[in-house]
Every structure is written in structure tokens, then in C-alpha cells.
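S.K.: Return atomic coordinates for the entry below.
(chains A and B)
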Number of protein chains: 2
Amino acid sequence: MMKSIEASPLYPIANPKSIALFGASNNASSMGTSLLDSVLDLGFEGEIYPVHLKENQVQNLKAYRSVLDLPKVPDLALIVLPTRLVSETMDACGRKGIKHAIVISGGFKEVGGNGVELEKDLVAVAKKHDMRFLGPNCIGVANPRQKLNTTFMVFEGGPGFIGMASQSGSFVTQMFTYLSDYGLGFSTAFSVGNEANIDIVDCMEYLGACPDTKVIALYIEGIRRGRAFVEMARSIVPKKPIVAFYIGGSEAGSRAGLSHTGALAGPDRLYEGIFRQSGIIRARSIMEMFDYCWILGSLPKSTGRRVLIQTHSGGPGAEAADACGRAGLELPSLSPETIKRLRPLMPHTGSISNPLDLTFAKNVTDYFSEIPKALLEEKKADCLLFYFFTPSRRLRRMLRQAGVAPDHIAEQAAKMVDFQSDAVLRLIKTHDKPFVGYTFQSVTDQLLKRLVERGVPIFPGPERAARAIEAAYRYRCLRDKILVSASHKEAASRQETDRGWTK
Amino acid sequence: MMKSIEASPLYPIANPKSIALFGASNNASSMGTSLLDSVLDLGFEGEIYPVHLKENQVQNLKAYRSVLDLPKVPDLALIVLPTRLVSETMDACGRKGIKHAIVISGGFKEVGGNGVELEKDLVAVAKKHDMRFLGPNCIGVANPRQKLNTTFMVFEGGPGFIGMASQSGSFVTQMFTYLSDYGLGFSTAFSVGNEANIDIVDCMEYLGACPDTKVIALYIEGIRRGRAFVEMARSIVPKKPIVAFYIGGSEAGSRAGLSHTGALAGPDRLYEGIFRQSGIIRARSIMEMFDYCWILGSLPKSTGRRVLIQTHSGGPGAEAADACGRAGLELPSLSPETIKRLRPLMPHTGSISNPLDLTFAKNVTDYFSEIPKALLEEKKADCLLFYFFTPSRRLRRMLRQAGVAPDHIAEQAAKMVDFQSDAVLRLIKTHDKPFVGYTFQSVTDQLLKRLVERGVPIFPGPERAARAIEAAYRYRCLRDKILVSASHKEAASRQETDRGWTK
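M.R.: Sure thing, here's the model as predicted:
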């Protein structure tokens, strides 16, 4: 492990104070200009030095004919040039004294043929100048806290706690809005490209040390340094969870090979083993990967797989119970003390069992406060799975039925949403037990939006919720296993020392 | 099969011209009043006769002390009274000459004990008067085309093509907004409750004959008339698909039993067999049930399971390929003719294979028109799976980069969305092959919203899309099997007739 995050070659790449940019021009539709747009759009606060052979100005910034002309040595070179120009540009950067680069340009190893040689050249040039670089054939870095977005996509949303390293740039940039819809975001996301110099293991090390990263997400098509990967993961997992989505073989391979899926069985099982050994939680899809990140990054540590379900509707309760069962979770029965606490809060039609089914939410106050409180305090359970059904039209009708005058309904509805969200947030704050929501509504609904923006995981449908709860439990088990094996090793080596058996 | 839909006992229940309502009052928070609110909110255009022992007016409608006082015989009685009053009310309705009722009230068989007797009484009373009724312990009917909503929830959204019969009322009412978000809706939805008189098989018969219903959705906790169920399904499936979500045992049973999931293996397998024999597509969740309905109700009939994938991004393409493989779909390679057609439309970085990966959408026009056209016309494939990534901020930036003046960007962006949606809709109209979208964006995004509102299925993530495509193919196979078996039977019986073997 590194002493500090600043020791990582990725530190200046994700946190540069100044950037030399190669490839931006006054042609608005070029990739390089797109990238400069991205950097400017997010409000990067450091210096930007466009380097351009002919222009004095690029997009209103002073441009330089050569990197050697720059008034200072920038922290980072960002290169979006035609393939044939990349190595000589890197060399110039090296001569200037730049130590870090992102090579966006493609046309290297991934195209085969001469590209393989070009990539070897690039690696050699970097080595000569003691430079570290991300790429080639990547789309760079998004670090929204530093207002840095070197991808050619518009950044949307805000910073979050998910640190990502991805072998597909799309799964960084094309998930910006998806994550933002659920109140999630990246701490820092790396697109690793061909991994010619810096690889996914380096990214894991950086993200493991990154204080803003609570959980690490990996999109993997192939692991190059197997042993280093496992060791790095095992050193990180005791402190923070890692979730991976792997789809079997290389991207090209999966494209060609999937018509006969049998061909993938080998590598898939191999990777399954690597992940298990590494303590990494495997997801089956990109959305599931972020589901797992959501629950792992926002909730108290799982203590087990015993789940209580709170609902006011039979069908959604039964489906949640079924989903929990299929995900390998347990539904304990309620203890006599909890039943006693719940009885006065339940309508007479309700069912005081697990799922707890109010049959209809007579007292909205209790549904969001006293009832989930009693369930969170049930000693026989590890987690509460809570059903949300709160469309705003329904709320307005309830208020009308409760006798609220028409011109006060909007105001009262807003108060109700305040009350409900405050109640849920208070519960979460005062109880050290996972609270997980599920719903069939859109998270754009007033109450849900407010809650997801404040970090409460509310999943579309109980299946995703149940699988995420199980993943959180799986993380605990994998983590414990690594800690136990580490402490055994330590104990063994202590014993050897005691007996004077050290070499 | 019935001669016409009007012959169904459910016809007057789903299409009443006049309703007698028992249980509404001037107490705004009572269940009966909620229900009256629902009927009025949706703008029911028939007559409503509230019956109330004491009031002259209920919620501004003239009220009657007894059903016998009504000026005419209404088509439907809607009963939301305390359990003990239901039978005598049914009897009065019968004496008045009312032939159809919905009994919302609970407290019957589902609570056991005396409730069982009360339900027997209710059935006897109905029989005496030759009445048919839905319930008890149900939440009634939603038939938005008739502006009829007898549930106590606010109706949201519009009419659609999904006919539903549900053993959970929640899966009718609590899905209104969910369906509406995806441009879907119910033709008619029944909550069947205890099925004391009309059962789910009757609902299937009605929905099978209903011209607005393109696909039937069933939420099932237990089937009472097994043989009738199978026969009814087999008579419907050749004309329209049926999708069922079954979660194993009764709702109460699944609630109690799921902590030891093994207990459910028996009935689950039994139901699996019933569904297969019936030609019914089984879904694993309520959302998946509606996914299947979406694709089955909105697309041309599946002709096979060979899928082409169009994307401009490696990761999303690889994930889609993987999802197709896991769903049991095939990814054929492109024919030389298609490759020839595609070559001039593709950027040089793109990969002309399956998935077709443009690597980046250089020409937005082609992405939405010529390219998918070539793929839809590929003879080696049965379906196109199409990736959407069109956040509006990205579109605005592309326009800016293309040199559009800042004050024309909004207008141009709107035109672009028009162009894209028109292009997709034209493709669908002119090709008799399923076009299925997938995306990671929210369907509230401009382009996606417009397309889903016009009936284009665009799924969240490729997994749901792939499983839905496979379900459409499964429907075709199950349907063919039933047709073949029916024609064998017919041929056999013809042969018997020919040989003079008829009884």
C-alpha cells in the first residue's frame, strides 16, 4: 500500500492544478475541442494551456505553438491528437518536464497491426522521461469535486462516493445522468483504455486511498496483472467494498463469441474465482453494480441477512418476501416485544407478521415513524425493507378527505412531505441498522426525490432491493474471511518469531 | 367461448351506465367516500345513486334511503359496507332487480371463522336473485376508456392495451403511475378478491374478448378452477398473449412460509407446469410482467430469436450482447449485403459486426434512420435491439459544436428531437420486425418520453429488453404448439367423422 494518496501516479491525473491540452482547436466539432468544452463547462479552476501548431487563441484561451513554450510545467498533459503524433508529443512533454499524461487518442494496440508497435513506442518514450500515463484509447477522468471532467461528454449531476475504474469509457460518461437520478455520483471515475502504463490495479490503489470514495466500482473485460489485482483487492476490501461487473472475455470477444455462449464458460468461471478470492462482490449488470454501490456506500454495515418488510399492501409485500427468499435472505418472525409495540399502531385489518402489512395506511404518521422504529429495533432482524407508495395526487386527495380546505392543500402536502422525509431521515440517523426502500414509482416523485437526494437507497421494485441487501451481507462475509485469514497469517508469523524460526 | 363480450357477467361490471353505491357518506375519510371520489374524479358519465340510511345528499349527489327507492334499476351495485350489512344489501339489490355487483367489503372467507359462513350466505343470496358479483374483499375495476375507476385510489395515466386480472388489488392501483411513466395503461383491470362468484377465469374470458385488450396480465396467488383455467388460457393464447406473475402459494402462505423457501418448491413447480400447458408466459416480478406486456402488446409478432444490436458505445453493446446470450437469444453475424450497405454509413473507427458499434455517433441522422433501416432489413435477424443515449444537454452541446448560434439552440434541439422520433416511428411503421430500445437514461428525457408515449418499448438496461424479446419469442412458440395440437385434434375428429365413427 502507498503511504498516502499523493504518492499515486493518478493523483496529479485526477487532481491537476494545470493542464496542457493537445488537440483542441477552433474547429468546434473536433474531439479535442469537445474535451476542452467539458473541462471548461464543469468550471475547472486551474490553468489550461492549449497547444496548437498554428493558432494564437483556442476557444478564447491563449494557445502555445509548442509545449516547450509554456510559461510553467503543467501537472498534466491531455492528448487528443491523431495516433501518429502522440509519441512525439509525449516526448516533448517529457522534455518540458511534465510527469503525467492522459492519452485519449486511439489507434494503438486495440487496432492490432502497426498499432501494437506504436503503443510500444509510446510506452518507451514515457519510460525514458519517467512519465506515468492513463490510456491510450481512453476517455480520461471525471473528478467532480475538483471540477475536472476530461471526457468528451457533458458532466451532469454532482460528486458522490463511488470511485470507478472502467475498461469502457461509456460506462463512465453515459452513467452521469443515471447516477444523478438516484442521488448518486462519482468521487472519481477513471476510464483506463489500453492500460499501457497505468492499469486498473493502480486505479484500485488510488481509489482505496481516496477519502471521498466509500465504495469502488469496476467494469472489467479482462484483468492483466492477476496476482497484483487479487492482492490489491484483498488489501482494500477490509476498509471499503469493491463491486465488479464482468461480462465474460474481452469486449470484442464477447461481441463475436456470444452467439455460442458456451465458449465463455471457461473465463467466466475463472473470473468468478478471482473475484471470490479477492473479496469482490460481483454484479450481473451495470445497473446492479451501481445498486450494490448504493447500498454499500450509504448504509451502516450489514450485520446479517434477516430482513423485516414493512408495507401497507399485500401484493407488494408478498413480492418483496418472495424476492428476499430468492436472494437468499431470511424473513424472521417478530419477537413478542415487537408485536406488543406494534399492536396499538396497526389497523384491525392489518397483519402483525413479516411482512408487516398494514393493509391500508390509516395513520401516515405512524407508517413513517413509530412503526419502522419498532421494526428497526427488533433484535431478531438485521435490516428493514420499507415499501414507498406516495404519489402526490394521492397525498392531495388524502388531505382533501381529511377536511383540509382546497387552498391549503398544496401547503399542507408540502408539510406532509417534509414530515415524512424528516421522519425517515431521523430514523436512519438514530438507528445503526440498514433501512432500504423499494417502490414502483419514479424517483422523481416529491418525497422519493428528496430522500434519494439525501442518500436513502430506494430501489425500483423489491427484487433489486433484495439482491442489494444480500450483496451488502456478502461483503461482510468476504471481508470477515479476509480479516480472519490475515490474522491467521499474522498469528502464524508471530508464532514463528516466538519460536525463533524466522529466517 | 362466449358469443360476444356483452355476454360476459363482467360486461356490466366494467361498462355500467348506472351505479348504485353503498357506503359513501358525508364523512370524507370513509372508504366508501374515497371510492365515490374515485368514480367522480375520473369523470364517470353514467348515473350514480348513493344509497344512505340517513342522508338526503352525499357529496352533492342526491342520496336514497333504500335501493328500492331508486328511480330505475342500475346496471351495477357497488358495495363498501361493514361486513354484516353486505348480504342484506345484496338481497335488497336483488329484489330491486340489479343483476351485477362489486363487493369491496372484506371480513369474509379471508379472515376465516365466521367470515366463511358470511361468504356462503352472500353467495346464496346472489344465486337466489341470479346475480353475478366480483369480490368480496376486492378493490373493483378500472376501465379508463369508460372513465370508470371503482378503486379507492386516484386513477393516473390513460387507457392502454393491458387487460389485467389480479389477486392483489395493490397491483392494479399502485401500478397506475408506473405504467403511465412508460406510456402504458390498462384496457380494463379487475381486482378479483375472494372470487366467491366471478373468478379469474371469468376475467380471462372477458379480457380475451375485449377489443381494447392486446395482452392479458395475471397476478396469481392461487388458481381455484385448474382445468377451466388451462382451457380458457388455451382458447385465448392463439389470439392474444397472456403473461402471469405467480409468487408461490397464497399471499398469506408466502408471507409465513418464505423464511424456509424449500416449502414452496412443490406448488411452484406445479404452477410452472400449468402455465406451460396453458401457453402462458411466466414473469418473475411485477415489473417484468409489464415488460412482457409492453413488448407483446406493442410490437409485430416475433419471428425468431436472432437479435441485432445497434450501439455507438462498446460497453453498452457488450452488456447487451451478454444479456441476449443469457436470455437465450442468438446474435447472428451480418450478411455481406448488409455489411455493404452499412460501410458508407459507419465512421472508420466503427465495428461492422453484431453488436454494430459506431464507436461514436458522428452522423446523428444515419444513427436514427439509414443504419437501423439496414439492420431491420437484414434477413438473418428477427429483431433489432437499439441503444438510446440522448441526454438533452449533450444534444445542445452537439448543436453548439456544429456552429448553431446560442439563441437558436433550443429551437434546433426541438427540431432534432422531432427528427429523431419521427425517424424511429417511421422505421417501426414501415418494417414488420420488432424494434426494441434500451437505455440507462430516465424515460422522462425528451426523446425517450416522446417515443414511449407513442408506444415504442425502451427498457431500462439491456437485461430487461433481452428478457422481454425472449418472452415474445416464447409466446410465439407456445402459441404455435397450441395451434398445432388444436389442428391435430381437429384433423383427428374430421377423420373420425369421415369414417362414420361419430357417436
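
S.K.: now A:Ser25, what's its secondary structure?
M.R.: Following DSSP: H, G, I helix; E, B strand; the rest coil, the label given to A:Ser25 is coil.

S.K.: got the contact list for it?
M.R.: A:Gly32, A:Thr33, A:His52, A:Glu55, A:Val58 (CB atoms under 8 Å, 6 or more residues apart in numbering or on different chains). Just so you know, the C-beta spots here come from the backbone N, C-alpha and C atoms, and that holds for glycine as well.

S.K.: between these, which is nearest chain B?
M.R.: Using CB to the nearest CB, A:Thr33 is the member of the contacts of A:Ser25 that lies nearest chain B, at 7.0 Å.

S.K.: The closest one sits in which helix or strand?
M.R.: helix A:31-41 (DSSP states H and E).

S.K.: Could you name the helices and strands sitting against that helix?
M.R.: Judged by 3 or more CB pairs under 8 Å, 6 or more residues apart in numbering or on different chains; DSSP states H and E, the packing partners of helix A:31-41 are strand A:18-22, strand A:47-51, strand A:148-149, helix B:392-401.

S.K.: mind listing what's buried in the last one?
M.R.: Within helix B:392-401, the residues scored as buried using 16 or more other CB atoms under 10 Å in any protein chain shown are B:Ser392, B:Arg394, B:Leu395, B:Arg396, B:Arg397, B:Met398, B:Leu399, B:Arg400.

S.K.: next structured bit after it?
M.R.: Criterion used, DSSP H and E; the element after helix B:392-401 is helix B:409-430.

S.K.: The lengthiest helix in chain A vs chain B: in contact?
M.R.: If you go by DSSP state H, chain A has its longest helix at helix A:462-498. Yes. Shown here: helix A:462-498 in contact with chain B (CB under 8 Å from any CB of the partner chain) through A:Pro462, A:Glu463.

S.K.: And the pLDDT at the residue sitting nearest the centre point of chain A?
M.R.: Nearest residue to the geometric centre of chain A (CA atoms, centre = their mean): A:Ile162, 3.3 Å. Note for A:Ile162: predicted pLDDT of 98.

S.K.: How about it, nearest residue that isn't a chain neighbour?
M.R.: A:Cys293 (4.9 Å; CB to CB, 6 or more residues apart in numbering or on different chains).

S.K.: Next, count neighbours for that neighbour.
M.R.: 29 (other CB atoms under 10 Å in any protein chain shown).

S.K.: before we move on, what about A:Glu117?
M.R.: 11.

S.K.: which residues does A:Arg276 contact?
M.R.: A:Leu478.

S.K.: Would you mark the buried spots in the helix or strand containing it?
M.R.: Secondary structure from DSSP H and E places A:Arg276 in helix A:265-278. Neighbour counts using 16+ other CB under 10 Å place A:Pro267, A:Asp268, A:Tyr271, A:Ile274, A:Phe275, A:Ser278 of helix A:265-278 among the buried residues.

S.K.: Surely A:Glu378 and A:Gln310 touch.
M.R.: No. A:Glu378 is beyond contact range of A:Gln310, at 10.9 Å (criterion: CB atoms under 8 Å).

S.K.: who touches A:Leu342 in this structure?
M.R.: The contact partners of A:Leu342, by CB under 8 Å, 6+ apart, come to A:Leu334, A:Ile352, A:Leu356, A:Ile371, A:Ala374.

S.K.: Same check on A:Pro50?
M.R.: By CB under 8 Å, 6+ apart, the neighbours of A:Pro50 are A:Leu21, A:Ala24, A:Leu36, A:Val58, A:Gln59, A:Leu61, A:Lys62, A:Ala63, A:Tyr64.

S.K.: about what we covered before: list just the nearest of the buried residues of helix A:265-278 to chain B.
M.R.: Taking the buried residues of helix A:265-278 together and measuring to chain B by CB to the nearest CB, the closest member is A:Asp268, at 9.9 Å.

S.K.: quick one: that closest one from A:Ala233, how far?
M.R.: Here the criterion is CB to CB, to the nearest Å. By it, A:Asp268 lies 18 Å from A:Ala233.

S.K.: go on, A:Met164?
M.R.: 15 Å.

S.K.: Point out the residues in the stretch 101-250 of chain A that sit beside chain B.
M.R.: A:106, A:153-154, A:156, A:166-171, A:174-178, A:181, A:219, A:221, A:247-248.

S.K.: Which of those residues fall within helices?
M.R.: Per DSSP H, these map to helices at A:Ser170, A:Phe171, A:Phe176, A:Thr177, A:Tyr178, A:Asp181.
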